[in-house]
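In: Build me a model:
(chains A and B, ligands or ions: 4)
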Amino acid sequence: MSQPQSSKPRKPLSVFARLASGIRRPAKIHDFHGGIHPPEMKHLSNGTPIVPGPLPQQLVLPLNMHIGAPAKPLVAPGDKVLKGQMIAEPIGAVSAAIHAPTSGTVSAIGPRPIQHPSGMDAVCIVIDTDGEDQWVEHQGIADYTDKSPAELVDLIRHAGIAGMGGAGFPTSIKVNLGDHQRVEQLLINAVECEPYITADDRLMRERAEQIVTGIHILQYLLNPRRTLIGIEDNKPEAISAIKRACKGCDIEVRVVPTKYPSGGEKQLIQLLTGKEVASGQLPAQVGVVCQNVGTAYAIKRAVCDGEPLVSRVTTLTGDGVSQPGNYEVLLGTPVRDLLAHGNLAGLDIGRLVMGGPMMGFTLHNPGVPVVKTTNCIIAASPEELPEPPPEQPCIRCGSCAEVCPANLLPQQLYWHAKNDDLEKAQHHNLMDCIECGACAYVCPSHIPLVQYYRYAKGEVRQQAADQVKADKARQRFEARQARIEQEQAEKEARRQARLEANRKKKEAGPAAASTVDVAALKQASLDASKAYKAAVKAAKTAEAEGADNLAELKAEADRLKALADKAKAAVRDAKDGAPVAAAPAEDTVAKLKKQVGDASSAYKAAVKAAKAAEAEGADNVAELKAQADTLKASADALKAELREAKANAPAATAPVAQTDPVAELKKQVGDASSAYKSAVKAAKQAEEEGADNAAELRAEADKLKAAADQLKMELRDAKANAPAAPPPSAPAPTTIEQPDPVAALKKQVGDASMAYKAAVKAAKQADEEGADNATDLHSKAGELKAIADQLKAELRDAKAAAPPTPKAAPAATATTDSPAVPEEQAPQSLAEVDPEQAAKRQKRLKGLKTAYNMAHKQYKEAHAAYERAERNETASADELQAMQVKIDKLKAKADNARDALDALVEEAKADIRAHTGKDLKTLKLEAARAESALADKQQELEQQRSSASEDTLEALSSELQALESETQIARKALKQAVEEQGLAE
Amino acid sequence: MTAVLIAVAALLALAAVFGAVLGFASEKFKVEGDPIVEQIDSLLPQTQCGQCGHPGCRPYAEAIAEGEDHNRCPPGGQDTVVALSELLGREELTLDNEGAEDANVAKVAYIREDECIGCTKCIQACPVDAIVGAAKLMHTVIVDECTGCDLCVEPCPVDCIDMLEVKPTLQTWGWHRPAGIGERPDSRIEVVNL
Ligand code: SF4
Ligand code: SF4
Ligand code: SF4
Ligand code: SF4
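Out: Numbering: from 1, shown residues only, chains lettered A, B, ... in the order given. Ligands and ions are numbered 1, 2, ... in the order given. Predicted structure coming up:
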């Protein structure tokens, strides 16, 4: 069917150009692979001229009628717009403007159903038309050659022109190729190969001149070597009209045989030029640009008449309408209105299709608007486009491969798409499928092949998008890891630097020796505690085995004593250096305290051993007692030393002086009361067993109690003095040192309450056993409780006193230069536990605690006052009311503080969890469980001691040991975790 | 005899020459194989959710390379397991997604911004820095960067983070797969010769 148009008149090309393009062959029409000949159905609509479409009440203009970024609205609801006024501007490179297709008012900008097979909504500008169709002021360009191509491209972009053939690619991109790309051929696609559609046909018949002007503008913009118009031979009128219009210019009209899909871009290029566009290539890469005739017409209107794209010619066809034909439809016209305009035949419409039957899609909502790419609306009766028959298995007939214009293997693609084997499908060039539907048309099994390909393509795109996203996520993840690592490294470096600086300072200071002492002390204390453990072990074994290994026990005790002495000596040495600088002094004091603690527990163990021995009536009782006494003496000596050291330390530093005696006293009280406690216990046991020395023990216990009481008194006095003591000249040191007494007090409280609990237990046991001293024990317990309570109250006071001047420190350094040292000391020790954060949190925690306590106290006081007032009826109702209000306010304040505190504690707990892998609760539980197991075992051992055989006793004691160590581990873990977070309370 | 010697010498010389050429070629054109960890990592979904028991996909990739089972990634689904089996030549295991329901539904985090108290906890939890905000100020999720890993939900003290399903947009929508043999393909337009 080739009608070679070789003899068209053509502007004479220069000789050079002729040479460059080689010998001009006679215009040959090439062929492409495959293709089908579906029923054309064009006669339905191509007999009548184009008539204007309806002017509907409402126009719906989607912001993306084109491929690329949606346009950005320039109007707001309520704005009046005129026909041709730009209502949305292009955003980014690939985008196109939108203009009001008629005059009216913008009534909404929001989601409406749009021209998309998904049936999804998208943002649209809705215009209520006013029926006047009043144009905005506009003016065409008389001679477009006056303008530069760049200006024209911009004009086209702002006229909103996008490919009118179906894809809707913004035309401004296609005509702006840049200088490096030489356009060999400009192809004007007037093939219109899809059945039913006749829009381009009618346009060419009626407006050929204008189309040709548009093509000239394209030529001006692209400067192609040749310009070819491809028209199918089933449109003879259009061919002759165009030929007439093209007379005398260098546009060649090529008539191509009717075959579907010769209108496909790649197919047309092959038909007209013989060039094949390889997979993944763009036509421009082979020097070809394709434009639709409709686009050429729109360009002419935009450039020469100044009319942006506000309408298009759309074919309305199908059996369902009684007046099929072509309508010049305003963009945004709902399909419903168009159908009404075309006189719905009253038939039942089987299917409403937008686009052609081969490549279009079924519309489920007639409210969808006509857009820039809508070339056809088919309202088909059920007979015309019937329900597709069910899909059958592929019979491998191969017809699909025969008709595929893209030279693919549709059957293979189908298998792979069906099995989700996307990789293989891509390998078979899935992405080159133009979705022409030729394969599905011929498939005898009625397989919806195109839908399989569309599905597979969607999956491929999704996967690619996922991959991109995954890569991005990976990058971000790695960047974050790197950042965190770096932050940690920096923190570590800072910490090291600080440690280094501190060490240097210490070394440089006059107390160079004290560092050594501290190290030595550490070693000594380590030794001592090791020895102590060994002694305890030995004592237990001795107990279990009776009196045989007394000598061994004695030796142990001696060694322990020796060690205690050694530690004492070391401490004394250190003490000499202590007064020089505050920090070492503090260290020494701490060490001493530890020593004292060790010594007194050793003493306690010894006493216990003695008691046990007594119970068994062993010979070595006296010996053991003597040992216990020695130990006590050494413990006392250590205590005295400690006191001395503390007394010395303050001599150098005022702050320590003010606070430590109190702490020291408290410690003593604690020691005394625990000594008393153990004494009572021993006495009780002795009594139980009817031992002779029961009375003696009782007396001792009483003595201890007296001592404890005295200490308590002292403590009270000291405390009474302490608050008054801080001289106004040096308030800062107090505030700095405050946390210490608080911590000490806390410890005291803990000790006291433990003692109380032990006493209660003892009393209970006594009760159970009907011992004589039960009442006695009860009263003791009551006393102990009173002590614990008092201590608690003190603690509260101390805490309340602590916060008020947290920042005053640097101001008051006039007295001594020592405050600087503790100040630095504190953060450092914290930093050693955990980086700054924990320290910060600890600080905040403390602050919050105090705030809460204060608020709570105030609230309580206020409440008490209120109650008193109420009771005594001293205040009027109004006053009471005011008080009530105040109370409420205070309560709210307290509650707030508590909430904040809780939150912080939670946070800290979460951190502990992260840090230790265990919940604080779990840790506590573990510790508690271990402890109770230990207690049980101890009891068992005690009970068995008199009755059971040696073997059992041994087994039990070894069990006890294991439990003990377990308990210790659990306790340590708990303590560490708690301390790390400043959750000591 | 000399002929034999010459032949042997010639063959030996040839062997030496070819050996040298081959050795050179194998050095010169050595294929830089992707380290296996990289390959595994590229198959993992990079959700960085930690459901595999590792702090991110890369650590899990390393663990797989060292022999850990390759079926522990619920976001990757069975497809990832299969892909990994192929890559590693290991047995095809079934996905070990104990209790994790419907991993195929893509989700993103969404912060109900009025309720956000600006505690910054979610920022610290997010493995891909997909949350922006500052202390005591409202926070929000950068939807495009969110991998839907869920890790930010738990730390939020006021529970203002929801995991929302990602709805398809016009850009991400894809045709669904036809119902299959025996079903009427509703989207197909049957063009018949009347
Ligand atoms: S739809 Fe795709 S596979 Fe089928 S004939 Fe057209 S190009 Fe070929
Ligand atoms: S035309 Fe249909 S039945 Fe025939 S090979 Fe292709 S897919 Fe299979
Ligand atoms: S489970 Fe989560 S972290 Fe682990 S590999 Fe899969 S996506 Fe990555
Ligand atoms: S925002 Fe939440 S769900 Fe999203 S990636 Fe970050 S942590 Fe995961």
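In: Run the chain-centre distance for the helix of greatest length in chain B.
Out: When secondary structure is assigned using DSSP state H, the longest helix within chain B turns out to be helix B:2-28. Distance of helix B:2-28 from its chain centroid, counting by CA atoms, centre = their mean, to the nearest Å, is 48 Å.
In: residue ranges of the strands in the stretch 251-400 of chain A, please?
Out: Here the stretch 251-400 of chain A has its strands, by DSSP state E, counting those that start in this stretch, at A:251-256, A:288-292, A:311-317, A:325-330, A:351-354, A:361-362, A:376-380.
In: For chain B, which segments count as helices?
Out: Listed in chain order, the helices found in chain B under DSSP H are B:2-28, B:36-43, B:57-65, B:77-88, B:121-125.
In: Distance from the shortest one to the middle of the chain?
Out: The offset between the C-alpha centroid of helix B:121-125 and the centroid of the whole chain comes to 23 Å, using CA atoms, centre = their mean.
In: Residues touching it, excluding its own?
Out: B:109, B:111, B:129, B:131-133, B:139, B:151-152, B:154-157, B:161 (CB atoms under 8 Å, 6 or more residues apart in numbering or on different chains). C-beta: built from backbone N, CA, C; applies to glycine.
In: Can you give me the separation between A:P149 and A:N176?
Out: Using CB to CB, to the nearest Å, we find A:P149 at a distance of 8 Å from A:N176.
In: Now do the shared contacts for the two.
Out: Taking CB under 8 Å, 6+ apart as the contact rule, A:P149 and A:N176 both touch A:L221.
In: how far away is A:K504 from A:V288?
Out: Counting by CB to CB, the gap between A:K504 and A:V288 amounts to 78 Å.
In: So between those two, which is more surrounded?
Out: A:V288 (23 against 10; other CB atoms under 10 Å in any protein chain shown).
In: With distance to A:I197 and mean pLDDT as new columns, can the strands of the stretch 251-400 of chain A be given to me in a markdown table?
Out: What follows is the strands of the stretch 251-400 of chain A, written out as a markdown table (distance: least, CB to CB, whole Å; pLDDT from 0 to 100):
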| stretch | distance to A:I197 | mean pLDDT |
| --- | --- | --- |
| strand A:251-256 | 16 | 92 |
| strand A:288-292 | 12 | 92 |
| strand A:311-317 | 5 | 93 |
| strand A:325-330 | 9 | 93 |
| strand A:351-354 | 11 | 89 |
| strand A:361-362 | 14 | 89 |
| strand A:376-380 | 4 | 91 |
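In: Need the pLDDT of residue 102.
Out: Chain wasn't specified; assuming chain A. According to the predicted model, the pLDDT of A:T102 comes to 94.
In: that's the wrong chain, I wanted chain B
Out: B:D102 carries a pLDDT score of 54 in this model.
In: Would you mind listing what in chain B touches ligand 3?
Out: Applying CB under 6 Å from any ligand atom, one finds that chain B approaches ligand 3 through B:44-45, B:47-52, B:54, B:56-57, B:60, B:73-76.
In: any idea how chain B splits into domains?
Out: With automatic domain parsing as the criterion, the domains of chain B are listed as B:36-88, B:105-167.
In: residues touching A:A241, list them.
Out: The neighbourhood of A:A241, defined by CB under 8 Å, 6+ apart, consists of A:204-206, A:208.
In: Nearest to chain B among these?
Out: A:M204 (24.4 Å; CB to the nearest CB).
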